[in-house]
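Asks: Have a look at this prediction, sequence included:
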Amino acid sequence: DSGVTQTPKHLITATGQRVTLRCSPRSGDLSVYWYQQSLDQGLQFLIQYYNGEERAKGNILERFSAQQFPDLHSELNLSSLELGDSALYFCASSSQGAANTGELFFGEGSRLTVL
Amino acid sequence: GENVEQHPSTLSVQEGDSAVIKCTYSDSASNYFPWYKQELGKGPQLIIDIRSNVGEKKDQRIAVTLNKTAKHFSLHITETQPEDSAVYFCAASKGYGGSQGNLIFGKGTKLSVKP
């Protein structure tokens, strides 16, 4: 168990809809990352938050947005969903400062299916 | 931006044999190279990492080598066991996986160890 919790584990929705994925990082971790895993693109970095602030942005579509709340949990919002958005979405967290070894701790993912 | 190529995409070995997975990266500024193992239904988990000031690192049956000049790094697993069967991802970053950067992953290698 990595200590990172993601909900829901599975989600099925229709094209054009909007969904929210939730992530609780490991206790004490300030950094949260979102990754998308699909069969053809592999693991792609979407966005990083650090203590509530956006820190880095990757290949995140404009239809997607994220935020990190004061209690450090994070949400990834996916809107105007398309078939191609079907994927496994991972959240990861990392420690900071002297405790940061570079390791990312991944949750078990949220599998999104868009029909 | 950074691009990480990983080979082979699938690898099948007999229990007890060695397995080698190779990755190349494009950005000479990358200085952190982790390897993650992903078991079915789980999130990726760090198994070993290496930084650019080191040429080789070993942890029991797992070793990683880095050639900065050629911009490639490899994962070596000796005395493979059935529980080593999983998908392995290499990654590169200009910093640690923490607040200093984000990971660019290869597309993964599915390793099967036959008893």
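Replies: Nice, thanks for sending it over.
Asks: what's across from the one residue sitting closest to the centre of chain A in the sheet?
Replies: Centre of chain A computed as the mean C-alpha position; nearest residue by C-alpha atoms, centre = their mean is A:Trp34, 3.0 Å away. Per DSSP bridges, the residues bridged to A:Trp34 are A:Ile47, A:Cys91.
Asks: repeat for the one 4 residues further on
Replies: Applying DSSP bridges to A:Ser38 gives these bridge partners: A:Gly42.
Asks: Would you confirm that it contacts A:Ala87?
Replies: Yes: with contact defined as C-beta atoms under 8 Å, A:Ser38 reaches A:Ala87; the gap is 4.2 Å. C-betas here are computed from N, CA, C, even on glycine.
Asks: okay, those two: which has more neighbours?
Replies: A:Ala87 (21 against 14; other C-beta atoms under 10 Å in any protein chain shown).
Asks: How about that one: which residues does it bridge to?
Replies: Applying DSSP bridges, one finds that A:Ala87 bridges with A:Leu112.
Asks: What distance do you get for it to B:Glu2?
Replies: 21 Å (C-beta to C-beta, to the nearest Å).
Asks: B:Arg61 now?
Replies: Separation of B:Arg61 from B:Glu2 (C-beta to C-beta) stands at 29 Å.
Asks: Between those two, point out the one with more neighbours.
Replies: Remark: of B:Arg61 and B:Glu2, B:Glu2 carries more neighbours, 17 against 13, as counted by other C-beta under 10 Å.
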